[in-house]
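[1] What follows is a protein structure lacking sequence information:
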């Protein structure tokens, strides 16, 4: 019993440390990214930024060949790490090394084929074509480093020591961005220097991670040739990988295909404008992710206990508090992002309000789905392959068709329809039927109640906003004051009403205040 308590405390402390380090680096990188993007646009222009964004999306497409092996290996490593079975850990990572080696070779071949079509893809760009090859090549080197050299970092991740990876990767990333800002601002041929900094950063990360792995696990010895012979022994990795691959395709369709389809119907300059908004949206997503990702391991432990009533109670609690934070985030972005873009980059980079509404809806679904996804992963429910295929088909197919007729808004509507069908309807049904094994009616009523409360509070705040006699476009100070007033009002009203009406919110509030009191006692 004592060992189990120590183990739980250790797991919680590691989770909190991972969250704290990830959140700290995230905030530093977020601030840097806004300065960096502003300088990039000022000195190099939208064409270069759009080229960079498109090259990254093409590489993400090739990374689909990873198939979900990393997630399957991480899942398989948990038990041997728990029992400190070093031989088994070496075998599993050797299997991963073999599979990653083959994937790296496939990505190289596909990249060469893809680059043959660059003159066609980038026929209308106004920068030298060799910049396209150089950009893609440098980013490719960074991606391949994981497949050939850094795959052993999976042990750190599975052992809840991801913060040590962040020390290396995020620390070097910060230094790299600072050097890139300096080079772009002050040196001739700024983009060439940007490429060199990007390459140097990738190489430093390789050496840094290998050093950390050797220091933490000096006994970790992997052999990719040995890994090939172990494939049958660890057939579960292959099974989980096949299931996860379909979900990776769906995730790619959601996160990476839209900018490529938008580029097909617009130009690199609009891709850069679109990317500016995505940076803001991604920042908010990463912030909430840094707060909540550490809970996922706890959800896994909870599910393994098998107490159905407790599991469902915690699900409702987590869903409610995440829904609250999601609504605050989406409200803030909808109201404030155009003003922020205006001050950050200028009115030239503002988008139509209908596009912003579509992006906010997509963000809302992606954030509110996190609780359902956490419990699906905890139950290991990856076998709904058909749903993933339908999601990807709807996403890409409708985006292309609607984009052809309605442009960018059509592309985003295609994404929205696929999200409604799979994420809002199917995924919760799948979890309640196969995981909780209870009727989904309670979830539907919970969702409707939360949605009704949030819409009502939004309507009230919209009315109250007319009494705020501050023009946020007057000055940055006016913007800051306006932002604080409207966001704080929405957050406070929503919190009070949810606290009064929702049991899950009261449970969360009670849990948080209990932890705070314990911390005060320790101090």
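    Good, I have the coordinates. Just so it is clear, the structure is predicted and the values come from calculations on it, not from any experiment. Residues are numbered from 1 along each chain as shown.

[2] excluding its backbone neighbours, what's nearest the residue nearest the centre of the chain?
    Centroid-nearest residue in the chain, with C-alpha atoms, centre = their mean: residue 286, separated by 6.0 Å. Leaving aside its sequence neighbours, residue 286 sits nearest to residue 26 (C-beta to C-beta, 6 or more residues apart in numbering; 5.5 Å). Using the backbone N, CA and C atoms, a C-beta is placed for each residue, glycine as well.

[3] check which helix or strand covers the one you found.
    helix 2-43 (DSSP states H and E).

[4] average pLDDT for that helix?
    Averaging pLDDT along helix 2-43 gives 65.

[5] wait, what's in contact with residue 234?
    By C-beta atoms under 8 Å, 6 or more residues apart in numbering, residue 234 lies in contact with 76, 91-92, 95.

[6] how about 6 Å then?
    Counting by C-beta atoms under 6 Å, 6 or more residues apart in numbering, residue 234 makes contact with residue 95.

[7] Just read off the phi/psi values of it.
    phi -110, psi 60 (degrees, to the nearest 10).

[8] circling back: what about the residue nearest to the centre of the chain, distance to residue 401?
    Remark: distance between residue 286 and residue 401 (C-beta to C-beta, to the nearest Å) = 31 Å.

[9] swap in residue 387?
    Residue 387 is 21 Å from residue 401, by C-beta to C-beta.

[10] more crowded one of the two?
    Shown here are residue 387 and residue 401; by other C-beta atoms under 10 Å, residue 387 has more neighbours (20 against 13).

[11] Can you name the next helix or strand after the helix or strand hosting that one?
    In this structure, residue 387 sits in helix 385-406 according to DSSP H and E. Per DSSP H and E, the first helix or strand lying C-terminal to helix 385-406 is helix 408-418.

[12] ok, residues contacting the helix or strand that that following helix is followed by?
    As assigned by DSSP H and E, the chain's next helix or strand after helix 408-418 is helix 427-430. With contacts defined as C-beta under 6 Å, 6+ apart, helix 427-430 is touched by 372, 384, 440, 443.

[13] Could you check the pLDDT of residue 499?
    Listed pLDDT for residue 499 reads 91.

[14] and the gap between it and residue 388?
    The gap separating residue 499 from residue 388 is 37 Å, by C-beta to C-beta.

[15] where does the stretch 401-523 of the chain dip in pLDDT?
    Counting by pLDDT under 70, the stretch 401-523 of the chain contains low-confidence ranges at 512, 514-523.

[16] now with 50?
    In the predicted model, the stretch 401-523 of the chain carries pLDDT under 50 at residues 520-523.

[17] where along it do the helices fall?
    With DSSP state H, counting those that start in this stretch, the ranges of helices along the stretch 401-523 of the chain come out as 408-418, 427-430, 441-465, 476-501, 503-522.

[18] if you compare the ones you listed, which one is most tucked away?
    Each of those was scored by mean neighbour count; the highest is helix 408-418, a mean of 22, by mean count of other C-beta atoms under 10 Å.

[19] angle of that helix against helix 385-406?
    Here helix 408-418 points in a direction 160 degrees away from that of helix 385-406 (axes from the mean of the first three to the mean of the last three C-alpha atoms, to 10 degrees).

[20] can you list contacts of helix 408-418?
    258, 261-262, 354-355, 358, 361-362, 391, 394-395, 398-399, 402-403.

[21] Weed out the non-buried ones from these.
    Among these, those classed as buried by 16 or more other C-beta atoms under 10 Å are 258, 261-262, 355, 358, 361-362, 391, 394-395, 398-399, 402-403.

[22] Let me know the distance separating the residue nearest to the centre of the chain from residue 23.
    9 Å.

[23] mind listing the helices for the stretch 51-200 of the chain?
    Remark: helices assigned in the stretch 51-200 of the chain by DSSP H, counting those that start in this stretch are 69-82, 86-115, 118-121, 129-148, 153-158, 162-186, 190-216.

[24] Mean neighbour count for those - can I get that in CSV?
    Below are the helices of the stretch 51-200 of the chain laid out as CSV (neighbours: other C-beta atoms under 10 Å):
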stretch, mean neighbour count
helix 69-82, 19
helix 86-115, 19
helix 118-121, 12
helix 129-148, 18
helix 153-158, 21
helix 162-186, 18
helix 190-216, 17
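
[25] Quick check: which of those helices is nearest to residue 478?
    The closest of the helices of the stretch 51-200 of the chain to residue 478 is helix 162-186. By C-beta to C-beta, the value is 28.2 Å.

[26] Just name whatever secondary elements that closest one is in contact with.
    Judged by 3 or more C-beta pairs under 6 Å, 6 or more residues apart in numbering; DSSP states H and E, the packing partners of helix 162-186 are helix 2-43, helix 153-158, helix 190-216.

[27] when you compare where it runs with where helix 190-216 runs, what's the angle?
    Relative orientation of helix 162-186 versus helix 190-216 (the same axes, to 10 degrees): 160 degrees.

[28] I would like the residues contacting helix 162-186, please.
    17-18, 21-22, 25, 32, 36, 39, 43, 153, 156, 190, 193-194, 197, 201, 204-205, 208-209, 212.

[29] Quick check: which element contains the residue nearest to the centre of the chain?
    According to DSSP H and E, residue 286 maps onto helix 268-292.

[30] how far off helix 408-418 does that helix point, in degrees?
    Helix 268-292 runs at 30 degrees relative to helix 408-418, counting by the same axes, to 10 degrees.

[31] Which among the helices of the stretch 51-200 of the chain is found nearest to residue 345?
    Of all the helices of the stretch 51-200 of the chain, helix 162-186 sits nearest to residue 345, with 15.5 Å by C-beta to C-beta.

[32] picking that back up, so of the buried ones among the contacts of helix 408-418, which two are at opposite extremes in space?
    355 and 391 (22.1 Å).

[33] about what we covered before: which one, of the helices of the stretch 51-200 of the chain, ends up nearest to residue 422?
    Per C-beta to C-beta, nearest to residue 422 of the helices of the stretch 51-200 of the chain: helix 69-82, 18.9 Å.

[34] which among the contacts of helix 427-430 gets closest to residue 350?
    Nearest to residue 350, judged by C-beta to C-beta, of those is residue 372 at 33.8 Å.

[35] contacting residues for the closest one?
    By C-beta under 6 Å, 6+ apart, the contact list for residue 372 reads 427-428, 431.

[36] Let's have the residues you listed in a markdown table, adding distance to residue 100.
    As requested, these are exported to a markdown table (distance: C-beta to C-beta, whole Å):
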| residue | distance to residue 100 |
| --- | --- |
| 427 | 29 |
| 428 | 34 |
| 431 | 31 |
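
[37] Turn the helices of the stretch 51-200 of the chain into JSON lines, including mean pLDDT and distance to residue 330.
    Output for the helices of the stretch 51-200 of the chain, formatted as JSON lines (pLDDT from 0 to 100; distance: least, C-beta to C-beta, whole Å):
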{"stretch": "helix 69-82", "mean pLDDT": "71", "distance to residue 330": "28"}
{"stretch": "helix 86-115", "mean pLDDT": "84", "distance to residue 330": "36"}
{"stretch": "helix 118-121", "mean pLDDT": "76", "distance to residue 330": "34"}
{"stretch": "helix 129-148", "mean pLDDT": "80", "distance to residue 330": "31"}
{"stretch": "helix 153-158", "mean pLDDT": "78", "distance to residue 330": "30"}
{"stretch": "helix 162-186", "mean pLDDT": "83", "distance to residue 330": "27"}
{"stretch": "helix 190-216", "mean pLDDT": "86", "distance to residue 330": "33"}
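
[38] need the ones you listed in a markdown table with distance to residue 344, can you?
    Listed next are the helices of the stretch 51-200 of the chain as a markdown table, based on distance: least, C-beta to C-beta, whole Å:
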| stretch | distance to residue 344 |
| --- | --- |
| helix 69-82 | 35 |
| helix 86-115 | 33 |
| helix 118-121 | 29 |
| helix 129-148 | 24 |
| helix 153-158 | 34 |
| helix 162-186 | 15 |
| helix 190-216 | 20 |
